[in-house]
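Undergrad: need the 3D shape of this:
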Amino acid sequence: MELSNPILIWAVIGLFLMLAEIILPGGIVILLGAACLVVAGALATGLVEGIVQSLTLWFIASMVLLLLFRQVTQKLVGGDAHVDNTDEELDLFNQSAIVKQTIGPAQKTGRIEFQGSEWPALGDGSEIAVGSQVRVICRDNIALVVEPLAGQAENLTNT
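TA: Got it, this is the predicted structure:
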């Protein structure tokens, strides 16, 4: 067999892709390699001839294998699969922050430190002093709407 033999080329590419699954887990690369082996087998039996038919068969075999066996290989091989919250508002809700610039009274915007950066903040109408702990209620445009924590609110009303 010579190195320009298309059967050998498709078989080597297929085996290489299947072994690459060790480095690139996820269950996709192994199916692409299996499609290469399908093409090598079709070339060996004479079902296809030439590069155009080989590439067409590889594309079709890849799609069929991916559609049929993706769930199976995903379970066997594993990979990194996790579902994150896609609603950023829920990540903000009920988190605590520290006031960096006085918020209020009324609709006067102040600043808070939240998740390592400073944000503009609106209060509940009362004045919230610098250094107070606040709880994020929601977001209004780019400003976060906050309220003093329970212990902080009592201190503000007593002063």
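Undergrad: give me the contacts around the longest strand along the chain.
TA: The strand that spans the most residues within the chain, counting by DSSP state E, is strand 133-140. Residues from elsewhere that reach strand 133-140 (Cβ atoms under 8 Å, 6 or more residues apart in numbering): 89, 92-99, 103, 112, 114, 121-123, 128, 144-149, 151-152. For glycine as for every other residue, the C-beta is placed from the backbone atoms N, C-alpha and C.
Undergrad: following it, which helix or strand comes up?
TA: Going down the chain from strand 133-140, the next helix or strand is strand 143-148, by DSSP states H and E.
Undergrad: that next one to strand 133-140, inter-axis angle?
TA: Between strand 143-148 and strand 133-140, the angle comes out at 150 degrees (axes from the mean of the first three to the mean of the last three Cα atoms, to 10 degrees).
Undergrad: strand 143-148 pairs with which strands?
TA: Paired with strand 143-148 in the same sheet, following DSSP bridges, are strand 117-122 (parallel), strand 133-140 (antiparallel).
Undergrad: report the buried residues of the longest one.
TA: By neighbour count on 16 or more other Cβ atoms under 10 Å, the buried set for strand 133-140 is Gln133, Val134, Arg135, Val136, Ile137.
Undergrad: again with the first one
TA: Of the residues in strand 117-122, those with enough neighbours to count as buried (16+ other Cβ under 10 Å) are Trp119, Ala121, Leu122.
Undergrad: quick check, nearest of those residues to Ile60?
TA: Proximity of the buried residues of strand 117-122 to Ile60 (Cβ to Cβ) peaks at Trp119, which lies at 52.4 Å.
Undergrad: could you find the closest non-adjacent residue to the closest one?
TA: Excluding the flanking residues, the one nearest Trp119 by Cβ to Cβ, 6 or more residues apart in numbering is Leu144, at 5.1 Å.
Undergrad: centre of the chain to stretch 49-67, how far?
TA: Centre-to-centre, stretch 49-67 and its host chain are 30 Å apart (Cα atoms, centre = their mean, to the nearest Å).
Undergrad: give me the mean pLDDT for it.
TA: For stretch 49-67, mean pLDDT rounds to 92.
Undergrad: on that earlier part again, thought the residue nearest to Trp119 was touching Phe114?
TA: Yes. Using Cβ atoms under 8 Å, Leu144 is in contact with Phe114, at 6.5 Å.
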